[in-house]
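**Student:** Here is a sequence with its predicted model. Questions after.
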Amino acid sequence: MFVYFVVGGDMNKMEGTVFPNNPIECLGKGFDLTSDFRLKFAKGYGKRLVVVDEVNKRDITVPVPGGVATIPNVSEDIRCDKGDRLRFKSDVLQFNQMSELLNQKSAIQGKIPSGYFNALFDLGGDWFRDAHDIKCLAFDGYFISLYYLHLTASHLILQEEIKKSVPAQWDPASLTRFIQTYGTHIIIGMAVGGQDVICVKQKHSSKVPPGDLRRHLEDLGDILFSDLRSPSQQQRNTPEGKQKVPEVFKSVMQSSTTQYTSISETSSKDGLTIICSKRGGDVFKQSHSNWLQTVASNPEAILFKFVPISSLLTGIPGSGYLSHAINLYLRYKPPPDDLQCFLEFQIPRQWAPMFYDLPLRHQRKKCSSPSLQFGFMFPKLHVSCAQVVSEQKPVVGLRLYLEGRKSDRLAIHVHHLSSLPNTMIYSSGTSSWRGSDDNESSDIFLEPIRWKGFANVCTAVVKHDPTWLQETSGGVYIVTGAQLISKGTWPKNVLHLRLLYTHIPNCSIRKSEWGGAPEASRKSSFLTNLSTTFSFTQQSPPQKQAPTVLDSGVYPDGPPVPVRSGKMLKYVDTSEFVRGPHDAPGHWLVTAAKLVTEGGKIGLQVKFALLDY
């Protein structure tokens, strides 16, 4: 129980005062940085994670309505400093810049978005998608600190119990248990008070310049924080005349008279979203001044400061594994219930066949291989019928690839884990092949690539034989290999896909979904030719948005590769269909696939699934 003793002031004014949920007791506790910054999310089963002097104690005083209050028996390692009232106006920043700014204010290094950042700007939490969708962010707010609590120890030391809980090896189950019990960071400071913040999100479709956006936000803050309600206050004189204020700013002033804990207004026309939120005090108070008067009687912890648990693990066996697991968890933010499976899949991955398995020099004796003819006077596309297997490792992606010195031999590659996750146990049975040619009605799935009188592709879905499950009493069949074959008489031969299946007992499919070709490649050849032939007006193509890069490496997508011949790329879609840690919850694997013909190209569609073990 957090007890205050009044020193000076009227005791009657203390009635009804609500105080924070043990802010002093939360100092030194663990915290999951993917959570919003609120005391209720502190971790550690009621114990501090770091050593704090519990012998030498004294009383401290804090401001309360009507005077000051005394908090008895506070450790000498905890200090209470005077608070302040600060209005902070940020610049209009890009996504990662804003994330880094808020991290710095909490003593966190890097640009990985925190739970507080996502809550403040009303984001989904998927770093890649959020950064891709948002052009700029900005905020303007008042941060009211009644007092500031913090640990004074210059060198923090973990409790022995915490040190012994660090797994000595890469054990996803133990790593998950540690993170769920103790979190990722330790709370070392916080202000007690409240905040009233206005945030703005700008999408790429928005044409509002950063300078204008900052001025509009500042004007809105001046109006709301001074309790003015006149929209005319937002009009600024410019050399060109009065500056037009986006409608969403006017809507916020109208919405701010309603009693909500937070307000969010979006304008698809302007590509802007404004979020107004309060913490501490009576958040249902309509005006800023009325809310301000309630902060002292109902304060909340704000302006947290943290230190990473990993920074205190020096010399502890297994500290590297825990640091890596925490970094992966913070970066990709899988749901807590999926954390163990997520970590199970965060092991090295590789393509099969490896590049050193492919012939690099010219072969004097050519191996006979089937070929596909797309039409009269069209070049031949050879087909590699080699079986590509992962040695019973789960396949997490597929791609079509052009091999050979002339890049004229079509092959299929599989992307697989380098080892078997601990949660998976294969049955004693052998793996089995299943192909589109096994379908009795495969003829109805034949589609020409370019011309009907030439090569076709069988677009039937390749999946496990349902009768297999009757023989194995449940479980799931996953893909562990792939192969392309050609059947029929040239030039009307048919390209088929075959997949190798391996049985995993004692599990079930939680969710499955198809991952097809990118949107840009989904136009049919007919529509493509039609738009090219009958385009009378020259239209400038839309400006392409630069891809979002979250990796700071020199080559985030891998080392440079030689530019391949584009001759056969007109007929083959070589897109990679892979799911990794950025595809929440991060442990998808392949269970089915099919060949497709779209835009006059041979392509793939892949079915991914999540398993429950």
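**Tutor:** Perfect, thanks for sending it. Numbering: from 1, shown residues only.
**Student:** roughly how far is stretch 274-282 from the heart of the chain?
**Tutor:** 26 Å (CA atoms, centre = their mean, to the nearest Å).
**Student:** Tell me which residues are up against that stretch.
**Tutor:** 120-122, 144, 193-201, 220, 224, 248-249, 252, 255-256, 261-266, 290-295, 297-300, 302 (CB atoms under 8 Å, 6 or more residues apart in numbering). (C-beta placed from N, C-alpha, C; glycine too.)
**Student:** Which among the residues you listed count as buried?
**Tutor:** 120-121, 144, 193-201, 220, 224, 248-249, 252, 256, 263, 265-266, 291-292, 294-295, 297-300, 302 (16 or more other CB atoms under 10 Å).
**Student:** Which of the residues you listed fall in helices?
**Tutor:** Among the buried ones among the contacts of stretch 274-282, DSSP state H puts 120, 220, 224, 248, 249, 252, 291, 292 in helices.
**Student:** any idea how far the most centrally placed residue in the chain is from residue 173?
**Tutor:** Taking CA atoms, centre = their mean, the centroid of the chain lies closest to residue 126, which sits 2.8 Å from it. Distance of residue 126 to residue 173, given as CB to CB, to the nearest Å: 25 Å.
**Student:** Residue 403 now?
**Tutor:** 41 Å.
**Student:** So for the two, which residue has more residues nearby?
**Tutor:** Between residue 403 and residue 173, residue 403 has the larger neighbour count (other CB atoms under 10 Å), namely 17 against 14.
**Student:** That one contacts residue 388, doesn't it?
**Tutor:** No - applying CB atoms under 8 Å as the test, residue 403 and residue 388 come out as separate, 11.3 Å apart.
**Student:** which residues do the two both contact?
**Tutor:** residue 411.
**Student:** any low-confidence regions in the chain?
**Tutor:** Scanning the chain for pLDDT under 70 picks out 1-21, 228-243, 255-261, 355-368, 516-565.
**Student:** domain assignment for it?
**Tutor:** Per the record, the chain has its domains at 5-165+181-313, 342-361+368-532+566-612, by automatic domain parsing.
**Student:** Need these in TSV (columns: distance to residue 326).
**Tutor:** Formatted as TSV, the domains of the chain follow (distance: least, CB to CB, whole Å):
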stretch	distance to residue 326
domain 5-165+181-313	5
domain 342-361+368-532+566-612	10
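**Student:** Residue 331 is nearest to which of those domains?
**Tutor:** Smallest distance to residue 331 across those (CB to CB): 5.6 Å, for domain 5-165+181-313.
**Student:** what about the helices in this structure?
**Tutor:** According to DSSP H, the helices that the chain contains are 23-26, 95-105, 115-120, 127-133, 160-164, 172-182, 210-225, 247-255, 288-292, 319-332, 339-344, 466-472, 525-533.
**Student:** and residue 207, how many neighbours?
**Tutor:** Residues near residue 207, counting by other CB under 10 Å, number 8.
**Student:** cool, residue 105 as well?
**Tutor:** Quick note: residue 105 (other CB under 10 Å) scores 13 neighbours.
**Student:** That one: what's it in contact with?
**Tutor:** Residue 105 neighbours (CB under 8 Å, 6+ apart): residue 303.
**Student:** what do you get for the one 4 residues further on?
**Tutor:** Contacts were defined as CB under 8 Å, 6+ apart; by that measure residue 109 touches residue 103.
**Student:** What separation is there between it and residue 148?
**Tutor:** Applying CB to CB to residue 109 and residue 148 gives a distance of 21 Å.
**Student:** picking up where we left off before, now distance to residue 574 too, for the helices of the chain, in TSV please.
**Tutor:** Formatted as TSV, the helices of the chain follow (distance: least, CB to CB, whole Å):
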stretch	distance to residue 574
helix 23-26	53
helix 95-105	30
helix 115-120	35
helix 127-133	22
helix 160-164	49
helix 172-182	33
helix 210-225	39
helix 247-255	43
helix 288-292	57
helix 319-332	26
helix 339-344	29
helix 466-472	32
helix 525-533	17
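**Student:** deepest of these, which one?
**Tutor:** Per residue and on average, the most neighbours among these fall to helix 339-344, with a mean of 24 (mean count of other CB atoms under 10 Å).
**Student:** pull the CA atoms of it into PDB?
**Tutor:** The C-alpha trace of helix 339-344 is given here as PDB (Å, rounded to 0.1, in the frame of the first residue of the first chain):
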ATOM      1  CA  LEU A 339       7.100 -15.900 -28.800                       C
ATOM      2  CA  GLN A 340       8.400 -19.400 -28.300                       C
ATOM      3  CA  CYS A 341       7.400 -20.600 -31.800                       C
ATOM      4  CA  PHE A 342       8.800 -17.300 -33.200                       C
ATOM      5  CA  LEU A 343      12.200 -17.900 -31.600                       C
ATOM      6  CA  GLU A 344      12.200 -21.500 -32.800                       C
END
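**Student:** Sweet, I'm off.
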